[in-house]
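>>> Just a sequence and a predicted model for now, questions to come.
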Amino acid sequence: MIRTMVCEKEGCRGNSFYIYTEENNLVIICSECGERYSLDVSYYDYLMLSSCSQCNNDTFKVFKDTEKEGVYAKCTECGNPPDKVYIDESGTQVSYEQKKLDEMKDVIYRLNERLALMENKIDILGVDQQVMQQSLGYVAEFVQKL
Ligand SMILES: [Zn+2]
Ligand SMILES: [Zn+2]
């Protein structure tokens, strides 16, 4: 179940928070009373930044999945998530674009591997080489355009 985080300080019940990431935790600060909470977000491969990805507002509603790991934040103004910074395999911070690019490179790499495998199989089966080479050519062309 997704639960909306509400400030637990007596007499507050605030539900909008400032957020920032500290080590493996997402620190959320009640915008009403300043109470701080720390949520473990070490399972994410990205860091949430302190402002909205769309409108730069810096207060968020925070949601927590009570059954599995998951903390979500939504801008109190426009409902979008906060900006994110991704962490690559070597632990370096990368932008979303860089992360996508790396993922795409990975996909292409695996695609190439699969193509090589297919080519081998085709050799074995003796399928019409010309037809196959043509389609492989299309794929190569497509990959180059990425
Ligand atoms: Zn509060
Ligand atoms: Zn926003």
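In hand now; what should we look at? Ligands and ions are numbered 1, 2, ... in the order given.
>>> residues from the protein in reach of ligand 2?
Residues of the chain lying close to ligand 2 by Cβ under 5 Å from the ion are 52, 54-55, 57, 75, 77-78, 80. Yep, even glycine has a C-beta here, placed from its N, CA and C like the rest.
>>> Tabulate those (a markdown table), appending neighbour count.
Listed next are the residues of the chain next to ligand 2 as a markdown table, based on neighbours: other Cβ atoms under 10 Å:
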| residue | neighbour count |
| --- | --- |
| 52 | 22 |
| 54 | 14 |
| 55 | 12 |
| 57 | 15 |
| 75 | 21 |
| 77 | 15 |
| 78 | 12 |
| 80 | 15 |
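>>> what helix or strand does residue 63 sit in?
Per DSSP states H and E, residue 63 falls inside strand 60-65.
>>> Please identify the buried residues of that strand?
60-62 (16 or more other Cβ atoms under 10 Å).
>>> Tell me the one among the residues you listed nearest to residue 99.
Closest approach between the buried residues of strand 60-65 and residue 99, by Cβ to Cβ: residue 60, at 21.8 Å.
>>> Need the nearest residue in space to that closest one, chain neighbours excluded.
residue 73 (4.0 Å; Cβ to Cβ, 6 or more residues apart in numbering).
>>> again with residue 52
Nearest to residue 52 is residue 75, by Cβ to Cβ, 6+ apart, at 3.9 Å.
>>> so of the residues of the chain next to ligand 2, which ones are in strands?
Under the assignment DSSP state E, the residues of the chain next to ligand 2 contribute 52, 75 to strands.
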